[in-house]
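Student: Model the structure of this input:
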Amino acid sequence: MTYVEGEFLELKREMTSDLAKEIVAFANTKGGKILIGVEDSGEVVGVADAKKICEGLSSYIRDTINPDISTMISISVEDFFENEIVVIDVLRGTERPYYLAKKGLHPNGVFVRLGNTSVPVSEFAIRQMLLETGGVNYEDLVSFNQDLHFDYAKKFLSGHGLTLDERAMKSLGIMDLEGFFTNLAFVISDESTYNIKIGVFKDEKSSEFLDRKEFGGSIFEQLTEAFKYLQLCNRIKGTYEGLYRIDSPEYDDSALREALLNLLIHRDYSVSGSNLIKIFSDRAEFLSFGGLVSGLTVEDVLSGVSKQRNEKLANIFYRIELIESFGTGVSKIFDTYEKHPVKPQILPTPGAFKLILPNRNYVIKPVIYKHSKTDEGSKFKETEEFEDERTQKVLDLLFIESRLSRKEIQERLGLKQTSCIMLLNKLEEQGLIKRMNKGKNTKYLVRKGDYA
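Tutor: The predicted model follows:
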């Protein structure tokens, strides 16, 4: 009988220095078996003193592999005709990632099994294993980069009454009890590799940029500079009531502020990539990595239920009074749209979270609708301006939010059921909107081609 190396089997002629690497790889992947006393070719040659090897293996494994993996391993001796081989059975570990003690929790110390080879993994893969198995938050893990500086964070936080000395760092979770910087430290440090990209687009659907900016560095620097830029992009519409001018910004500053804070505080920092803010003529979109925290729904968020992805980061913002209490940010945003017919939207996916703020000054051009009449067999087109304010609001709402039910339109615009039905029927007859599906699933969709 001969053996063949593969995904679940490793062959060793004798006990070697890289044995721990193979054990780590099996424990981090799907488990496997190591045979000592078998050539790479699969030929069984046996070992000289199997019992002595077994006795030494237990201490060897304890000394070379972290965390303790002894409960996931069994060591035995098998007779193969006149030869004895040592068999190490490795189960998939429950405290992954396992790593070589001398190398530490770094890519050159963590291995997985790929085919018949044990290979090192990336920093991202290490983070994922930690999050999957230990229920550990990303911000609590020790940062791979320990050469961190906090010039901006210290200046920013001191301006809000918080001194960032070593004691405070340990209390806030920026540094662990052994003095190592955590991932929370990396996020707020000058060396942070996360950033915000903001793009300003020509109109409501164009991909043509009018301007674009990128903000990096400490998360506090990103917050400060990105908010300044958003304020510059927030155009003001001036109207007059008698002698007095009334200024109406496209977005309430508090809505922009809360949307930006939400973008930074609740994103999934275990995933690399940029936070994105897209400003169109009719809306601003805030997109961050990480969908809703497990167990939450959009309805929960709208009702003020809060579950933190980055609890320690949120606590810092709470300590410096940039957030008042958990779960109130979204409510504040919606409050600024209380009198606006189009409301903000929350569109989560498994991997991302999008918040859409409507531009409160966005005005769709007056509706021109066309219909035809038949007079004694003669067809002609008549064009007229639509002046019914309620109907204009229905069209505006459908144009921006696309498909809505009669009940949704009725509630958004504060209409009575009968009035809403009459308006929708009238618009459908005129060909400005169309009805999708039937019964309880009925949705209304504006015909944008005729809505200029």
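
Student: right, and the helix or strand after the worst-scoring helix or strand of the chain on mean pLDDT?
Tutor: Every helix and strand of the chain was ranked by mean pLDDT, DSSP states H and E. The lowest is strand 378-385, at a mean of 38. Moving toward the C-terminus from strand 378-385, the next helix or strand (DSSP states H and E) is helix 389-401.

Student: What are the boundaries of the helices in the stretch 151-300 of the chain?
Tutor: 151-158, 166-172, 183-188, 219-233, 253-265, 298-302 (DSSP state H, counting those that start in this stretch).

Student: Any chance of a markdown table for these, columns mean pLDDT?
Tutor: Below are these laid out as a markdown table (pLDDT from 0 to 100):
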| stretch | mean pLDDT |
| --- | --- |
| helix 151-158 | 96 |
| helix 166-172 | 95 |
| helix 183-188 | 96 |
| helix 219-233 | 96 |
| helix 253-265 | 94 |
| helix 298-302 | 78 |
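
Student: Go through these and name the closest to Ser74.
Tutor: The closest of the helices of the stretch 151-300 of the chain to Ser74 is helix 183-188. By C-beta to C-beta, the value is 35.4 Å. Yep, even glycine has a C-beta here, placed from its N, CA and C like the rest.

Student: what's the closest one packed up against?
Tutor: helix 219-233, helix 311-319 (3 or more C-beta pairs under 8 Å, 6 or more residues apart in numbering; DSSP states H and E).

Student: Show residues contacting it.
Tutor: Outside helix 183-188, the residues that touch it by C-beta atoms under 8 Å, 6 or more residues apart in numbering are 138-143, 145, 148, 150, 153, 169, 172-175, 192, 194, 218-220, 269, 310, 312-313, 316.

Student: just stretch 222-241 next, same as before
Tutor: Contact with stretch 222-241 is made by 156, 194-196, 198, 200, 211, 213, 215-216, 245-251, 253, 256-257, 260-261, 264, 277, 279, 284, 361, as judged by C-beta under 8 Å, 6+ apart.

Student: now that stretch, how far from the centre of its chain.
Tutor: A distance of 26 Å separates the centroid of the chain from that of stretch 222-241, by C-alpha atoms, centre = their mean, to the nearest Å.

Student: Could you number the chain from 632 rather than 1 from now on?
Tutor: Sounds good: first residue 632 from here, last item stretch 853-872.

Student: List the buried residues of that stretch.
Tutor: The neighbour-count check on stretch 853-872 (16 or more other C-beta atoms under 10 Å) flags 853-854, 856-858, 860-861, 864-865 as buried.

Student: next one: stretch 875-888
Tutor: Of all the residues in stretch 875-888, those buried under the rule 16+ other C-beta under 10 Å are 880-883, 886-888.

Student: For those residues, give me TSV that also has distance to Leu745.
Tutor: Listed next are these as TSV, based on distance: C-beta to C-beta, whole Å:
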residue	distance to Leu745
Pro880	55
Glu881	52
Tyr882	49
Asp883	53
Ala886	48
Leu887	47
Arg888	47
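
Student: and these, which two are the farthest apart?
Tutor: Top of the distance list for the buried residues of stretch 875-888 (C-beta to C-beta): Glu881 and Arg888, 14.4 Å.

Student: ok so, going back, show me the one of the helices of the stretch 782-931 of the chain that comes nearest Ser648.
Tutor: Ser648 sits nearest to helix 814-819 of all these, at 32.0 Å, using C-beta to C-beta.
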